[in-house]
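1. Predicted model follows, preceded by the sequence.
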Amino acid sequence: MQNFYLTIVLSPLLGAIIAGFFGRILGRSAVHTVTILGVLISTVLSLMVFNHHVLQDNIAFNQNLYTWMQIGGLNMSVGFLVDNLTSVMLVVVSFVSLMVHIYTIGYMNHDKDYTKFFSYISLFTFSMFMLVMSNNFMQLFFGWEAVGLVSYLLIGFWHHKESAVEASLKAFLVNRVGDFGFLLGIGLVLAFGGSLDYIETFASLNSAANPTLWGMDLITVICLLLFVGAMGKSAQVPLHVWLPGSMEGPTPISALIHAATMVTAGIFMVSRMSPLFEMSDVALTVVMIVGAITALFMGLLGIVQNDIKRVVAYSTLSQLGYMTVALGVSAYSVAIFHLMTHAFFKALLFLGAGSVIVAMHHEQDIRQMGGLKKHMPITYWTSLIGTLALIGFPGFAGFYSKDMIIEAVHFSQLPYSNWVYYAVLFGVFITAFYSLRMFFLVFHGKSRVKHENAQHLRESPLSITFPLVMLAIPSAVIGYLTIEPMLFKGWLDEAVTVAQGHVSMVELKQHFHGALGMISHAIQTAPFWMMLAGIATAWVFSLYKTQWADWMQATFKRTNYVLKSLYGFDRLNEIVFVNGVKKLGNILWKVSDSTLIDSIVVNGSAKLVVFIGAIIRPIQTGYIYHYAFFMIFSLLVILTWALFMGNRPLLTF
Amino acid sequence: MENALLSLLICLPILGGAGIILIGDERKNTVRWTSLVLSILVFVLSLNLWTGFDSSTHLMQFVEKSAWISQFDINYHVGVDGISMPLIILTTFSTVLVIVASWESIQKRLAHYMAAFLMMEGLIVGVFSALDSILFYVFWEASLIPMLLIVGIWGGDNRIYAAIKFFLYTFLGSVFMLISLIYMYSQSGSFGVLDMHNLSLSGTEQAWIFWAFFIAFAVKVPMFPVHTWLPDAHVQAPTGGSVILAAIMLKMGGYGFFRFSLPITSDAALQFSDIVIILSLIAIVYIGFVALVQRDMKKLIAYSSISHMGFVTLGVFALFLAYNPQAPEAALLGLEGAMVQMISHGFISAAMFLVVGVLYDRLHSREIATYGGVINSMPKFTGFAVLFAMANAGLPGTSGFVGEFMVILGAVQANIWYAVLAATTLVLGAAYTLWMVKRVFWGAVTNPKVATLNDINGREFSVLVILALAVIIVGLYPQPIIEVMHVSIEHLLNQALTSKL
């Protein structure tokens, strides 16, 4: 089995190396064949691993590959921990990655850096595998930063676009703010757990005394610091600001990195650390509240966006918020379940948006679209499935996972969970509203497409539509198929820990009546009606009475302004962090470093020497009689002092 | 040959350098190839130190000892342990790269230029291997001379100012060291470094000696606030000078703390460790901010060097707080992290200065504003530049991560606030490095001259690819380096924790 794991990781890496270094020599089709083959191997093997661990219930694999560093009794290694959680992640990552690889053939067809793009996305796949398969914090951090690196390179892939380059820098730096906390968390884990290995750490921190740090108990501090890392990667408020900007990158990576996989790394990490988080209700409450804020407020922003990719991006933020809420209420398996369904339907929505963008010749404004349904039937139907899955239409994948999150919050006994419940419930209305608003504006109604684009409107090529269809299938059925085994039949029971007092999962299990039962039961639940209300509102504003939308905007100017300015986060960052830091840097450089230290102290002391020299120099005349005079005069003074003055004069009268 | 290896590594480049001067400045190709062959030879010879090294003992190896000035019991005494050996190899390695990198960019007095680098190589190997303190002092001061000449002759417009500033600054620092060495001789009757390690000293004596050493080493590292010579020297120095300065000469300061301050004045080091740590943290944070706003690429990298060297002194002096008899790993993490950081910084700063050198050779400007969109005309080069920038920003998988990671992990156990301040480098380091990358390499071409740039040639490629491999190999597998130094560092830790009173 060990060779399987190794091959899963290394085959995309090999693909990336071949594409990266020999891409120009090999040519385009060889490059995409090699990289797709690499990811295909990983996908097949991931499915076999999934079968081995999850379906056949074999024990987890945990073994070190090589010693990265050995200092006394401290061992830091590169190694794999493959259990059911990892297996699920492997399948999700490899499958979405494979679809995105295929999709890229069509989408990046005309790009001059075609081979480089393939190299990057394969490298990303490798990094993501390293992240989810790690058995220790060091390697986790490696994967964590490596996916960040590829994300940076891919957001700025069109490096001639200033906005893309800006966005890539911003993404990297904001993630680094998260990593700052993450690294300190890892440091504390080592300091008090004595190891970086997951299993050893969980055991030792569980039994260790819990000292106080910064007014909180140690475990809480560790969990909060680790969660800061998760907030960066999984774009939780206030570290969410990089994700909308990341849409500057090519659409395939928005689907792969900024929707399906990398941004869920934080969710995965917190689930992996569940033994730690379960020890701190304070940390869990913070996680839940941050998630709720993200879920609700980022969703609201989706309503006022007009860029097709940005609507999906804000939707991603909001859905990541849902997952985080699930983590907070200790429903880790529900979070992973939503992570999985979301990976499929959000990748689908992004790729569908990409298909529209290709057809529209890179026009991304949904106000310039409309009526695309008849030109792009496959894109239409697959996007419809994706949208229904996203809004949680009964039967579709998102229905199960989102309903479970809302229910889990309902059962939670953490403080403020009742508020969070209303937030996530209202979020369902918002989700349906912005999703259908976009869907209607793009595919239905009268065509507002500019004349020059209207002529070329046609369905995308097979390499684009095939992944859409392949992703539409799980988006429709995966929830129905897996809810029961994943949440209630113990797929993830051994991989995550839930403390006794956290009852959400237990309650969910008691109230669960089968996947089919949920559909028939849906009509009696609040989320269902919220969703219908959202659909109806979207229909009214974007198809039935479009003038009402303008009227709303004019009447609620302030609200509209707040939403359009994205709550002012970008401006705040610009003023405080960008300009403020530059100013501080300039002051420190000019005032303290150049003037105070260098000019005054350093060059000042040199000048002092010159100055003293200038004073003394006239005395050095070179005339013997001047020197003789000085000697006699000085002798006179000294003798006078010695003879007549001082404490013990030689001569006394 | 086995037992004269260190002497060979010291003498061969010095004598070879003299020989190259004899070839003369006119026969450029002969000079280039002779220097290259010589430096490669020295490098290959120095690898014998690694292969023949016994990492199970902290005792000095490859020792040679013979009387030099017997009246004062001054000996020619050299040898290496796990602390100095990697630094010697770093020295011989960097010299090869510098010679290749200066192949065409230096036209003026080429033979003298190459000779200066080779002689400096020999002298610095001497610094790292000397076990007699007077011998150490002689090498220490002598190594200033070639660098003074390199900056002063082949430097930029303001080279004389920078050269004199560099010389006086570092010279001033080391004079205090000489006084302490002589004082310790008067107490122990020996100039042997290892004898000094065993010398008992009172608290006051230790304090004086500690600060005397501190001035010498802190200037060299350089630590805040005695760092201002470095940006000037780097900006004016030719590319090769900057490379050796950053990659090797700064390490002499760090090495001094390892070889002298900790073992000789262990009580004073404990007493004053907080001050040194605070200065290190200022270097990391404050200099990070200063680096951010630099407009000159070399200045930016120079400031970044100061910030990164802050991790070396932090790692070294955090040991007292981090040490815990049940788990000595924390203190070792700091010390070994400091060593790894020195080696890694040797690779990365060299690479960064070479990257700037490549651009400078083409457009004769170090200003960030001159460039923009370099990737359009130099894609291969940009690949290297981004890799090294990422290493500079401490990306895992590169050597830049290893040392910082170790030091931060160690610092957490010393005092969480130290770690908090040190970890700001994650954001600051990335900010100043990648912002520079953004302005130089990404974006559209604004300066028409940038559009005409030629991508790196085979020679430049070979230098950068070797450094890239070094950066990645150390990042992915640092264990071999840890292994050679571990026992020596453990011994050093014991020395530092043993009172000399």
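-> Structure's in. What do you need? Residues are numbered from 1 along each chain as shown, chains lettered A, B, ... in the order given.

2. going forward, measure contacts between C-alpha atoms and count neighbours the same way
-> Will do.

3. Tell me which residue in the stretch 1-150 of chain B sits closest to chain A.
-> Relative to chain A, the nearest point of the stretch 1-150 of chain B is B:Ser56 (13.1 Å; Cα to the nearest Cα).

4. and that residue, helix, strand or coil?
-> Using DSSP: H, G, I helix; E, B strand; the rest coil, the structure places B:Ser56 in coil.

5. B:Ser273 and B:Ala318 touch, don't they?
-> Yes - assessed by Cα atoms under 8 Å, B:Ser273 is found in contact with B:Ala318 at 7.3 Å.

6. If you count surrounding residues, which of those two has more?
-> Between B:Ser273 and B:Ala318, counting by other Cα atoms under 10 Å in any protein chain shown, B:Ala318 is the more crowded of the two (29 against 20).

7. Name all residues that make contact with the more buried one.
-> With contact set as Cα atoms under 8 Å, 6 or more residues apart in numbering or on different chains, B:Ala318 has these partners: B:273, B:277, B:331, B:334, B:410-411, B:414.

8. Pick out whichever of the residues you listed sits closest to B:Arg27.
-> Closest approach between the contacts of B:Ala318 and B:Arg27, by Cα to Cα: B:Gly334, at 49.0 Å.

9. Give me the pLDDT value at the closest one.
-> pLDDT, B:Gly334: 92.

10. And for B:Glu2?
-> At B:Glu2, the model reports a pLDDT of 51.

11. chain center to the helix or strand containing A:Arg176: distance?
-> Here A:Arg176 sits within helix A:162-193, counting by DSSP states H and E. Centroid separation between helix A:162-193 and its chain, computed with Cα atoms, centre = their mean, to the nearest Å, is 10 Å.

12. which other helices and strands contact that helix?
-> Counting contacts by 3 or more Cα pairs under 8 Å, 6 or more residues apart in numbering or on different chains; DSSP states H and E, helix A:162-193 is packed against helix A:137-155, helix A:198-207, helix A:218-233, helix A:242-245, helix B:399-414, helix B:416-423, helix B:425-440.

13. Counting neighbours, which of the contacts of B:Ala318 end up buried?
-> Listed as buried from these are B:273, B:277, B:331, B:334, B:410-411, B:414; burial here means 16 or more other Cα atoms under 10 Å in any protein chain shown.

14. out of those, which touch chain A?
-> With the criterion set as Cα under 8 Å from any Cα of the partner chain, the members of these near chain A are B:Gly410.

15. Tell me the one of the buried ones among the contacts of B:Ala318 nearest A:Lys582?
-> B:Ile277 (25.7 Å).

16. Wait, A:Gly194 touches A:Thr201, no?
-> Yes - counting by Cα under 8 Å, A:Gly194 touches A:Thr201, with 7.2 Å between them.

17. I would like the residues contacting stretch A:550-563, please.
-> By Cα under 8 Å, 6+ apart, the residues outside stretch A:550-563 that reach it are A:300-301, A:304, A:568.

18. what about the strands in chain A?
-> Taking DSSP state E as the test, the strands found in chain A are A:61-71, A:74-82, A:212-213, A:216-217.

19. now the longest strand seen in chain B: mean pLDDT?
-> Longest strand of chain B, by residue count under DSSP E: strand B:61-69. For strand B:61-69, the mean per-residue pLDDT is 90.

20. Which positions within it qualify as buried?
-> For strand B:61-69, burial by neighbour count (16+ other Cα under 10 Å) applies to B:61-64.

21. Select the helix or strand of chain B having the lowest average pLDDT value.
-> Lowest mean confidence among the helices and strands of chain B (mean pLDDT, DSSP states H and E): helix B:319-322, at a mean of 84.

22. picking that back up, next, format the buried residues of strand B:61-69 as CSV and append distance to chain A.
-> Below are those laid out as CSV (distance: Cα to the nearest Cα, whole Å):
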residue, distance to chain A
B:Gln61, 22
B:Phe62, 25
B:Val63, 27
B:Glu64, 31
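
23. Would you mind giving those residues as a markdown table with distance to A:Phe344 added?
-> Below are the buried residues of strand B:61-69 laid out as a markdown table (distance: Cα to Cα, whole Å):
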| residue | distance to A:Phe344 |
| --- | --- |
| B:Gln61 | 61 |
| B:Phe62 | 63 |
| B:Val63 | 66 |
| B:Glu64 | 69 |
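
24. Give the burial count for the residue of the stretch 1-150 of chain B closest to chain A, as a bare number.
-> For B:Ser56, the neighbour count with other Cα under 10 Å is 13.

25. Quick check: buried residues in the top helix by length along chain B?
-> Criterion DSSP state H: the longest helix present in chain B is helix B:329-363. Across helix B:329-363, burial judged by 16+ other Cα under 10 Å covers B:329-360.

26. same question, stretch A:188-203
-> Under the neighbour-count criterion of 16+ other Cα under 10 Å, stretch A:188-203 has A:188-198, A:201-202 buried.
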